[in-house]
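A.B. asks: compute the structure for the input listed below.
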Amino acid sequence: MASIIEAKGIQKSFGALNVLKGIDFTAEKSEVVAIMGASGAGKSTLLQILGTLSTPDAGSLNIDGTDVLHLGSKELSAFRNRRIGFVFQFHHLLPEFTAMENVMIPAFIAHRSDKDVRENAARLLEDIGLKDRMDHKPAELSGGEQQRVAIARAIINNPAILYADEPTGNLDTKTKADIHQLFFDLRDKYGQTIVIVTHDPSLAQMCDRTLYMRDGLFVDSL
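C.D. replies: Alright, predicted model coming up:
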């Protein structure tokens, strides 16, 4: 069976700086993979390429049966909206909108019906423990609550893959542990493949597999 993510020979340079030096990466359906490494190892650059936010200089990338590097810009945007979710270290919630409204945005971009979107968003917010906070704006939520909203927003379109870049980097220890567990609870319920860039060994230990990067390549250990 083909992997849901298949990347081969991924290279990326910024000027004279060779950031990725021929990366091969695969992930299976519903697998949770951690990528660790020092700052500057190329982790976030790889994640941006795997998430179709950046284009490699060389290599191939097949996601969920689609050769994404050969899609036009409109096709790629539509694919990303429906098949890929993102969670970043900073939640990027829109301050003027409620938790519910923030979660609904990607679904409206996908032209889903208003009734379907509202029901789906309410169910997700209940699943992540924010049933009583749906009408609160980001400034009225704690850091952990804001990140939960960002996670719900990332999976509102039931993407095949969720990419997370240091998703708990700004949270206290207790909140961090709760968010870590949330990823696995959601994987078990919704079946997403999750790829997480992290410096946190406790999160990496929970994952199905951990890969280590150094100087633009995967290595056996840090």
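A.B. asks: sticking with Gly9, tell me its helix or strand.
C.D. replies: Per DSSP states H and E: Gly9 is located in strand 5-14.
A.B. asks: for Leu93, that is, sorry about that
C.D. replies: Going by DSSP H and E, Leu93 is not in any helix or strand.
A.B. asks: any idea of the pLDDT on it?
C.D. replies: Leu93 is assigned 88 on the pLDDT scale.
A.B. asks: Gly9 against Gly22, yeah?
C.D. replies: Yes. If you go by C-beta atoms under 8 Å, Gly9 and Gly22 touch, sitting 5.2 Å apart. In this view, the C-beta of every residue, glycine as well, is placed from N, C-alpha and C.
A.B. asks: quick one: common contacting residues for the two?
C.D. replies: 58-59 (C-beta atoms under 8 Å, 6 or more residues apart in numbering).
A.B. asks: and the strand holding Gly9, how far out from the chain middle?
C.D. replies: Relative to the chain's own centre, strand 5-14 is displaced by 18 Å; criterion: C-alpha atoms, centre = their mean, to the nearest Å.
A.B. asks: name the residues of whichever helix or strand comes after that strand that come out as buried.
C.D. replies: Following strand 5-14 in sequence order, the next helix or strand is strand 17-27 (DSSP H and E). Residues 19-20, 23, 25, 27 are the ones in strand 17-27 that count as buried (16 or more other C-beta atoms under 10 Å).
A.B. asks: how about those in CSV, adding pLDDT and distance to Thr210?
C.D. replies: Formatted as CSV, those follow (pLDDT from 0 to 100; distance: C-beta to C-beta, whole Å):
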residue, pLDDT, distance to Thr210
Val19, 90, 21
Leu20, 92, 19
Ile23, 93, 15
Phe25, 94, 13
Ala27, 93, 12
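A.B. asks: what's the helix or strand in which Met36 is found packed up against?
C.D. replies: Following DSSP H and E, one finds Met36 within strand 32-37. Where contact means 3 or more C-beta pairs under 8 Å, 6 or more residues apart in numbering; DSSP states H and E, strand 32-37 is packed against helix 43-50, helix 173-190, strand 193-197, helix 201-206, strand 209-214.
A.B. asks: where in the chain is pLDDT low?
C.D. replies: 1-2, 89-90, 169-171, 221-222 (pLDDT under 70).
A.B. asks: okay, which residue is most central for it?
C.D. replies: Tyr163 (1.9 Å; C-alpha atoms, centre = their mean).
A.B. asks: so it sits against Ile84, correct?
C.D. replies: Yes. Under the criterion of C-beta under 8 Å, Tyr163 makes contact with Ile84 at 6.8 Å.
A.B. asks: shared neighbours of these two, anything?
C.D. replies: Gly51.
A.B. asks: quick check: bridge partners of Ala164?
C.D. replies: Val87, Ile196 (DSSP bridges).
A.B. asks: around it, how many other residues sit close by?
C.D. replies: The number of residues packed near Ala164 is 26, by other C-beta atoms under 10 Å.
A.B. asks: against Ile4, how distant is it?
C.D. replies: Here the distance between Ala164 and Ile4 works out to 16 Å (C-beta to C-beta, to the nearest Å).
A.B. asks: then Leu93?
C.D. replies: Leu93 is 28 Å from Ile4, by C-beta to C-beta.
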